[in-house]
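A.B. asks: Got a sequence here, can you model it:
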Amino acid sequence: MAVVEGHAPVRSVSSEFPLERQLKWASVFLTSTLSFWLSMGRTWNPNFSVRGQEFQSVFYNQQALAILHGRLDVPGVGFQSTECFIISGKCFGYFGLTPSILRFPVIAIGGDGAPSLTPLFIAIAIAIAMWALVDLFQRVLIDLIPEDSTRRVPGSVATIVVVLLLGPGSILTFLTKPTLYHEAIVWMIAFLLVAMNFVHRWVMTPRNIYLGIAAVAAILSAGARQSSVPAAAVLGIGAGIVLFRDRYRRSPSRSELTLASLLAIGPGFVSSAILWLKFGSPTLPFKYYNSYQSEQFQRILALNDGNIVSLRFLPTALANYLRPDSLGYSLTSPWVKEQLPLVRGPNYLWPIQPGGLYVEPFVSLTNSMTIPLLFTVGLIGLKLFRGIDMSSQERRSSTILLLAAASCSIAPLMLWGLSARYNGDFYPLMVIGTIFAMAHGTRWLMQRGVAFVIVAGVLGLLAVGSFYSHLQLTST
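C.D. replies: Okay, here's the model as predicted:
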């Protein structure tokens, strides 16, 4: 066991006691089962899809079939929706290949007529995400409180609170809608959290297998949604910096340097290569977008000097993703619903002019993940002012993971539109902030008896309330 500064000897997660393992797998099972039920439209039909949205319900299957036949376009008949990029008369979706590649086993069994099973794939992705975050939390907690007998009760209670805050009581519940958009986001989240989990393992106990798994997971994440590309780059660069700073203590091996480089560059390269194969461009050529000529699209372009992805959207996006009044409450069902753009319009800040945004029903981070947001802001503040006691290894890991998770949040802040599902890009940051804040808070509060019970109870109740809100949002 290695000794780190300021703490007892660090032990691997194999030191967890049976109840911790049981809580982890129970959390995975219960959250994914709930997600499965919600994404099936509460019908218990694993092939459930939203009526009239054929493009969304079977797109990934059709893209999988195209890949197996050496193409990337999907059939035009039945797929001429607003999400098509029409090139030489063929329909290409801008969505990544990961969800389609994961369907290869289903295609192998069911052939061309295989069911889409979007609810099932969403549930699997959420199960992976929950495993990655609960496992990471338990690893951090074990490092802080190594003694089983001391950690048993507070650790178990803290795990339950973390699960409630980041599982049913989080934006994951809203992302259980069975559409191609939501599935892409949950796969991005799931694989990015796996990558972060294994980067943490590598920082604490350098093993090439950890860095290799992180690289593969990051590539799959970027293959689901490009917003994780900057996060993967930060993870890889962070690993490289760790190797550079440790070079006097131990020489980094060629395989370590290769894996760190693959983690930093691989996801971006693969993602850009797929776009090039589809569109002949490393970026999306919006002149081929099916809705490019629509009146709404052209109006928004005109108000933003022809831009739909730009830093000019940053002030306005921040003002809306952090606003406290995006939810409305009613005495009739649904008791909670999005206020934007249904009742209140978005906040517009310079240089965006009124009308210069595309706005879907929207709920802000402040309303959708209130406690995780507070935890994350608090943790970042404490780290900046050295107000939290961390070992050198934990300091490295938490810094790399926080920076990577924050970089995943860049995409929705630079887009021309606001949507509740884009909160998924902020979710990894809320996860990392909550994990480290809860672990250190548990260690501090467990020495204060009654205070721990009160705080845990309040957080648990707030998490349950958050779950209720998100459950209402899925019905609107």
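A.B. asks: Show me where the chain has its strands.
C.D. replies: Under the criterion DSSP state E, the chain contains strands at 84-87, 90-93, 327-329, 336-338, 358-359, 417-418.
A.B. asks: Please name the strands paired to the fourth one in the sheet, noting orientation.
C.D. replies: Sheet pairing here is set by DSSP bridges, and for strand 336-338 it gives strand 327-329 (antiparallel).
A.B. asks: Other residues contacting the partner strand?
C.D. replies: 335-339, 342-343, 363, 367, 469 (CB atoms under 8 Å, 6 or more residues apart in numbering). Heads up, the C-betas are built off the backbone N, CA and C, glycines and all.
A.B. asks: let's go with 10 Å and repeat that
C.D. replies: 334-340, 342-344, 362-364, 366-368, 469, 472-473 (CB atoms under 10 Å, 6 or more residues apart in numbering).
A.B. asks: And that strand, what's buried?
C.D. replies: Of all the residues in strand 327-329, those buried under the rule 16 or more other CB atoms under 10 Å are Leu327.
A.B. asks: now it, how far from the centre of its chain.
C.D. replies: 25 Å (CA atoms, centre = their mean, to the nearest Å).
A.B. asks: now stretch 177-188
C.D. replies: Centre to centre, stretch against its chain (CA atoms, centre = their mean), the figure for stretch 177-188 is 10 Å.
A.B. asks: What's the mean pLDDT across that stretch?
C.D. replies: On average, the pLDDT along stretch 177-188 is 93.
A.B. asks: Please apply the same query to stretch 191-202.
C.D. replies: Stretch 191-202 comes out at a mean pLDDT of 98.
A.B. asks: quick one on the thing from earlier: now render the strands of the chain as JSON lines, adding distance to Leu165.
C.D. replies: Converted to JSON lines, the strands of the chain look like this (distance: least, CB to CB, whole Å):
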{"stretch": "strand 84-87", "distance to Leu165": "38"}
{"stretch": "strand 90-93", "distance to Leu165": "34"}
{"stretch": "strand 327-329", "distance to Leu165": "18"}
{"stretch": "strand 336-338", "distance to Leu165": "18"}
{"stretch": "strand 358-359", "distance to Leu165": "27"}
{"stretch": "strand 417-418", "distance to Leu165": "24"}
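A.B. asks: Ok, which of those strands comes nearest Met40?
C.D. replies: strand 336-338 (21.6 Å; CB to CB).
A.B. asks: circling back: now which of the contacts of strand 327-329 would you call buried?
C.D. replies: Using 16+ other CB under 10 Å, the buried members of those are 334, 336-340, 362-364, 366-368, 469, 472-473.
A.B. asks: Next up, the contacts around the spatially most central residue of the chain.
C.D. replies: In the chain, the residue lying closest to the centroid (CA atoms, centre = their mean) is Ile189, at 2.9 Å. By CB under 10 Å, 6+ apart, Ile189 lies in contact with 125-126, 128-129, 132-133, 171-172, 175, 221, 224-225, 228, 408, 424-425, 427-428, 431.
A.B. asks: now do 6 Å
C.D. replies: Each residue near Ile189 by CB atoms under 6 Å, 6 or more residues apart in numbering is listed here: 129, 424, 427.
A.B. asks: Residue most distant from the centroid, the protein?
C.D. replies: Tyr248 (36.0 Å).
A.B. asks: and that residue, what are its phi and psi?
C.D. replies: Main-chain torsions, Tyr248, degrees, to the nearest 10: phi -80, psi -20.
A.B. asks: Could you point out which residue ranges in the chain have low pLDDT?
C.D. replies: 1-16, 52-55, 76-82, 476 (pLDDT under 70).
A.B. asks: Name the nearest residue to Leu365, ignoring sequence neighbours.
C.D. replies: Counting by CB to CB, 6 or more residues apart in numbering, Tyr321 is the residue found nearest to Leu365 once chain neighbours are left out, at 5.1 Å.
A.B. asks: For that neighbour, grab the count of nearby residues.
C.D. replies: For Tyr321, the neighbour count with other CB atoms under 10 Å is 23.
A.B. asks: before we move on, what about Ser251?
C.D. replies: 10.
A.B. asks: So that it lines up with my notes, have the first residue be 29 from now on.
C.D. replies: Happy to do that; since the first residue is 29 now, the last one works out to Ser279.
A.B. asks: among the buried ones among the contacts of strand 355-357, which two are most distant?
C.D. replies: Farthest pair in the buried ones among the contacts of strand 355-357, by CB to CB: Pro362 and Thr394, 19.6 Å.
A.B. asks: Stretch 165-182: how far from the chain's middle?
C.D. replies: The answer for stretch 165-182 is 26 Å, by CA atoms, centre = their mean.
A.B. asks: so how far does it reach from one end to the other?
C.D. replies: 13 Å (CA to CA, to the nearest Å).
A.B. asks: Any buried residues in it, and which?
C.D. replies: Within stretch 165-182, the residues scored as buried using 16+ other CB under 10 Å are 165-174, 176, 179, 182.
A.B. asks: can you pull out the helices in the stretch 179-328 of the chain?
C.D. replies: Counting by DSSP state H, counting those that start in this stretch, the stretch 179-328 of the chain has helices at residues 199-202, 208-232, 236-252, 257-273, 282-307, 323-331.
A.B. asks: Between these, which one is closest to Leu490.
C.D. replies: helix 199-202 (14.8 Å).
A.B. asks: Extract the C-alpha trace of that closest one and format it as CSV.
C.D. replies: What follows is helix 199-202 as a C-alpha-only set of coordinates in CSV (Å, rounded to 0.1, in the frame of the first residue of the first chain):
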residue,chain,number,x,y,z
ILE,A,199,-30.9,15.1,-15.8
LEU,A,200,-30.4,11.4,-16.6
THR,A,201,-34.2,10.9,-15.9
PHE,A,202,-35.1,13.6,-18.5
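A.B. asks: Go ahead and name everything in contact with it.
C.D. replies: Contacts of helix 199-202 (CB under 6 Å, 6+ apart): 154, 396-397, 451, 455, 498, 501.
A.B. asks: go with 8 Å
C.D. replies: 59, 62-63, 66, 154, 157, 194, 214, 217, 391, 396-397, 448-449, 451-452, 454-455, 495, 498-499, 501-502.
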